[in-house]
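> give the three-dimensional model of this entry:
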Amino acid sequence: MRSTDGLLPYLLFGLLPLGLMLLYLVRGGRLELASLRFAGILLLWVSYHLSPWLFYLQGSWNSFLLVPRFIGAALLFSTLSMFAFLLGYSWAGGGVRRGQVKALLASDAFRVKPYILVVLSTFLLIAMVVQAGGVEQVWASDLPRGFGQFATRDAVGKLSQMVAVLAGAAGVVVATVASVVLLRNRALTAPWWVGIFSLVVALLPGIWAFSRGAGAPLGIFAFIAFRLGTNRSLTAGVGALFLAWNLGQIGLNERGNYYPGVGNFLAAVISDESDLQRHHRIRALPFGPADNPLEAVSAWTRKAQQRKLDDPDGLASLISVLWHLNPVPSEFTGLPPIGRDLAKVMGTFGSTGLTSPLLADLFYAFGYLGSVFMLLIGAVCGWFEKQARTSPGLDYEIGVVLCLIGLGIGSQLGLRAATRPLFYALVLVWITRKGGNHEIPSGRPVVARSTNNRKVGGLG
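Purely as a prediction, here's the structure:
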């Protein structure tokens, strides 16, 4: 019996959410294409269904973590999660119809004073230098990627980790605001150059770390261009997506050949260009299951196997999940594990870290009922889309982008990491619009009128 036998019904069932998305695209057009609903379903499908489809068609899948007999369960659970996400999204009113959202970049709702972007970018640069260990280490680190991840952190180490987490959120804000500034202003003007500088700064941490998300800030630019830009912005958005993909491929495929460093990344780009062409652009072998940079099925199946072996207690799992959702920094409270660390399961602890994706944590904790949690994720995303549509403003747009980042993180990292951006988005909106007052606390209120005469907030 082949490993792919019995997968076809699960694969076909997983196409139903994509069919729904096609219907939504017909209704919403470009606006739906740049919505959290489309992004959420696309990310889940690519993470959990693309590689199994390739496996079914090609018949081979080489993965250190994969447990083939659980692939069908991964397909079923992820499909249920997609439906739960859609239900939560619709329940929160996140639907988008053609003509409901207009390009508002020229309004005061998205007015940004350049000095705010300079301040945010400076903080991000300083945090990066501190995390790297100095300016020289930013260019070329003396330590390998992931050094110290298994060590017990002292007080300074815990503080450094919290700064790194905040810097990650700040990077999303910088990329979003820089994208707005670039799209609002003509090329080569002073604000445009500030936007270019800030977008480059937002790119540096991922480039330094050889991250698969090295091009994420460019992806954010494309997302904003599709949502709010003019038709002329679409070309820039497509180009940004292409460049983001290539940066991510370099980070993912070259991290084992170089130490962290911006200079080392540039060296990888220059010295390995022919290899990239040979292996990723004109490769003789077809794109296989293991080539998917978002592939999460392997880790999910290993976690599912551990659930069957461990038979976790339901109450203990619920307590662990709730603890992962608490707003207090984990460096202070610690985090109870949701199942055994995959690095310990596979015997790589101390040398190579292995992450468990969001859906794997949910399945380990609750079985198939864990898919219901995606109702909450979908509801938060739908709420932000609704607010961005009915009360457009930069704060809600940043919230939408943070939700997008959370969805992307969830394809590779666990419950805590995937839900932090959503929490930051809610805190941001609470600060900027608390008590129904739409003033921005960093200065005098900035108010504009949208097409439906609601007040909106900006940064100015």
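> okay, strands next: where are they in the protein?
447-449, 455-457 (DSSP state E).
> any idea of the mean pLDDT in the first one?
To tie it back to what came earlier, the one meant is strand 447-449. In this model, strand 447-449 has a mean pLDDT of 37.
> also stretch 303-320?
Averaging pLDDT along stretch 303-320 gives 90.
> quote the end-to-end distance of that stretch.
End-to-end distance for stretch 303-320: 16 Å, by C-alpha to C-alpha, to the nearest Å.
> buried set for that stretch?
Of all the residues in stretch 303-320, those buried under the rule 16 or more other C-beta atoms under 10 Å are 303-307, 312, 317, 320. No exception for glycine: its C-beta is placed from N, CA and C like everyone else's.
> report how many residues lie close to Gly406.
Close neighbours of Gly406, defined as other C-beta atoms under 10 Å, add up to 26.
> which residue packs closest to it, ignoring adjacent ones?
Distance criterion C-beta to C-beta, 6 or more residues apart in numbering; nearest residue to Gly406, sequence neighbours excluded, is Pro421 at 3.8 Å.
> give the contact list for Gly408.
43, 213, 216 (C-beta atoms under 8 Å, 6 or more residues apart in numbering).
> which residues are in contact with Tyr424?
Tyr424 neighbours (C-beta under 8 Å, 6+ apart): 169, 402.
> gap between it and Cys403?
Distance check for Tyr424 against Cys403: by C-beta to C-beta, to the nearest Å, it reads 10 Å.
> tell me how far Thr419 lies from Gly378.
Taking C-beta to C-beta, one finds Thr419 at 13 Å from Gly378.
> more crowded one of these two?
Neighbour tally, Thr419 and Gly378, criterion other C-beta under 10 Å: the higher count belongs to Gly378, 28 against 20.
> from what I can see that one touches Gly93, true?
No. Assessed by C-beta atoms under 8 Å, Gly378 is found out of contact with Gly93, at 11.5 Å.
> so where's the protein uncertain?
1-3, 95-109, 147-152, 154, 229-231, 272-285, 349-353, 435-460 (pLDDT under 70).
> which other helices and strands contact the longest helix seen in it?
Counting by DSSP state H, the longest helix found in the chain is helix 155-184. Applying 3 or more C-beta pairs under 8 Å, 6 or more residues apart in numbering; DSSP states H and E, we find helix 155-184 packed against helix 114-132, helix 190-208, helix 216-228, helix 330-333, helix 394-410, helix 415-433.
> neighbours of Arg186, how many?
Residues within reach of Arg186, counting by other C-beta under 10 Å, total 7.
> and Lys113, by the same measure?
Residues near Lys113, counting by other C-beta under 10 Å: 17.
> that one and Ala74: what is the separation?
Per C-beta to C-beta, Lys113 is found 48 Å from Ala74.
> same thing with Pro286?
22 Å.
> and for Leu65?
Counting by C-beta to C-beta, the separation of Leu65 from Ala74 is 12 Å.
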